[in-house]
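Engineer: Take a look and give me a structure for this.
(one chain, ligands or ions: 1)
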Amino acid sequence: MTDQLTLAEANGAAAPASRAAALELRGINASYGNTAVLRDVSLTVAPGSVTALIGPNGAGKTTSLRVASGLMRPSDGAVLVDGVDVTKASAARRAKAGMCHVPEGRGVYRNLTVRENLLMQSSAARPKEAIELATSVFPRLGERLSQKAGTLSGGEQQMLALSAAYVANPKLVLVDEPSLGLAPIIVDMVFEFLKTLREKDVALLLVDQYALRTLAIADQAYVLRRGEIAYDGAASGLLQGNMFEKYIGEGAA
Ligand code: ATP
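Structural biologist: Got it, this is the predicted structure:
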């Protein structure tokens, strides 16, 4: 029997008590020097679900992902993965536990080929399978396996960053602004890919400029404003009545 959360459960009902959150930020405070950036931020990503983190520029979205993945230490609060406190664990240790962070600006190794980038990330002792998996998601990468990642187009680099995350066989993926600077047709491919992750029972915490598209594939949503959580609830709740205008603003895409 599968223990994957049903959509209905992820959409509002509490997760079964036996299955801990894939990720929990609990009362996080974080600063750059003397500048406080996150204030008492708490959020939960249920296993196998998509959680949207939305907010204006400078709200603290990237900082939240950095705290979650261990690239930045909070001054207060805790980070839990599968119910285990990893606040003091390194980014490398969190990655080993199944967390994968795809940072803004395409986290690829520019001087390595597409094939080498994929093999670097793959947990597999089976490189052929890793390549097949990645190119099944983004066939265009299959034509460029021997090309240096730095010479790929921006869209292809984003495909590579996402598929490298995929072949790492993660339980939880944090994705920061995957559609930034991409042509509309590539943005469509990126969102299709992100939907695939959920089907594979991978939990996703997604930050993207396209709030409507992000909410459309999300189960839960959080809106950050000036480092504080302003909305916490079902993603669909932000699409009802005047909620979108109220929390995200008119004119947002
Ligand atoms: P954006 O959508 O513009 O990327 P964001 O919501 O991801 O914004 P963060 O990048 O987390 O926001 O930044 C939150 C605040 O922290 C901003 O005011 C930003 O200027 C500041 N900040 C970010 N990185 C640093 C840094 N390395 N040093 C100092 N301040 C920083």
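
Engineer: just checking, what's the longest helix in this protein?
Structural biologist: If you go by DSSP state H, the chain has its longest helix at helix 184-199.

Engineer: List the buried residues for that helix?
Structural biologist: 186, 187, 189, 190, 191, 193, 194, 197, 198 (16 or more other Cβ atoms under 10 Å). C-beta: built from backbone N, CA, C; applies to glycine.

Engineer: Switch those residues over to JSON lines; also include distance to residue 133.
Structural biologist: Shown next, in JSON lines, are those (distance: Cβ to Cβ, whole Å):
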{"residue": "186", "distance to residue 133": "20"}
{"residue": "187", "distance to residue 133": "22"}
{"residue": "189", "distance to residue 133": "16"}
{"residue": "190", "distance to residue 133": "17"}
{"residue": "191", "distance to residue 133": "19"}
{"residue": "193", "distance to residue 133": "12"}
{"residue": "194", "distance to residue 133": "16"}
{"residue": "197", "distance to residue 133": "13"}
{"residue": "198", "distance to residue 133": "17"}
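
Engineer: Can you pick out the most distant pair from the residues you listed?
Structural biologist: 186 and 198 (20.0 Å; Cβ to Cβ).

Engineer: follow-up on the earlier one: could you point out which of the buried residues of helix 184-199 is nearest to residue 215?
Structural biologist: Closest to residue 215, out of all of these and judged by Cβ to Cβ, is residue 191, at 11.5 Å.

Engineer: Please verify my assumption that the closest one contacts residue 212.
Structural biologist: No: checked against Cβ atoms under 8 Å, the pair residue 191 and residue 212 is beyond contact range at 10.9 Å.

Engineer: From residue 158, how far out is residue 139?
Structural biologist: Distance, residue 139 to residue 158, using Cβ to Cβ, to the nearest Å: 15 Å.

Engineer: More neighbours: these two, which one.
Structural biologist: Neighbours per residue, other Cβ atoms under 10 Å: of residue 139 and residue 158, the larger number sits with residue 158, 29 against 10.

Engineer: Quick check: nearest residue in space to that one, chain neighbours excluded?
Structural biologist: The shortest distance from residue 158 to any residue other than its chain neighbours is 5.4 Å, reached at residue 106 (Cβ to Cβ, 6 or more residues apart in numbering).

Engineer: where along this structure do the strands fall?
Structural biologist: 23-32, 35-45, 50-54, 76-81, 84-85, 99-102, 172-176, 203-207, 220-225, 228-234 (DSSP state E).

Engineer: could I get those strands as a markdown table with mean pLDDT and mean neighbour count?
Structural biologist: Shown next, in a markdown table, are those (pLDDT from 0 to 100; neighbours: other Cβ atoms under 10 Å):
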| stretch | mean pLDDT | mean neighbour count |
| --- | --- | --- |
| strand 23-32 | 97 | 19 |
| strand 35-45 | 97 | 19 |
| strand 50-54 | 97 | 26 |
| strand 76-81 | 97 | 19 |
| strand 84-85 | 94 | 11 |
| strand 99-102 | 92 | 24 |
| strand 172-176 | 95 | 25 |
| strand 203-207 | 96 | 26 |
| strand 220-225 | 96 | 23 |
| strand 228-234 | 96 | 16 |
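
Engineer: out of the ones you listed, which comes closest to the ligand?
Structural biologist: Among these, strand 23-32 comes nearest to the ligand, with 3.3 Å by Cβ to the nearest ligand atom.

Engineer: Can you name every helix or strand that that closest one contacts?
Structural biologist: Here strand 23-32 touches strand 35-45, helix 61-69, strand 76-81, going by 3 or more Cβ pairs under 8 Å, 6 or more residues apart in numbering; DSSP states H and E.

Engineer: Bridged to residue 224, which residues?
Structural biologist: residue 229 (DSSP bridges).
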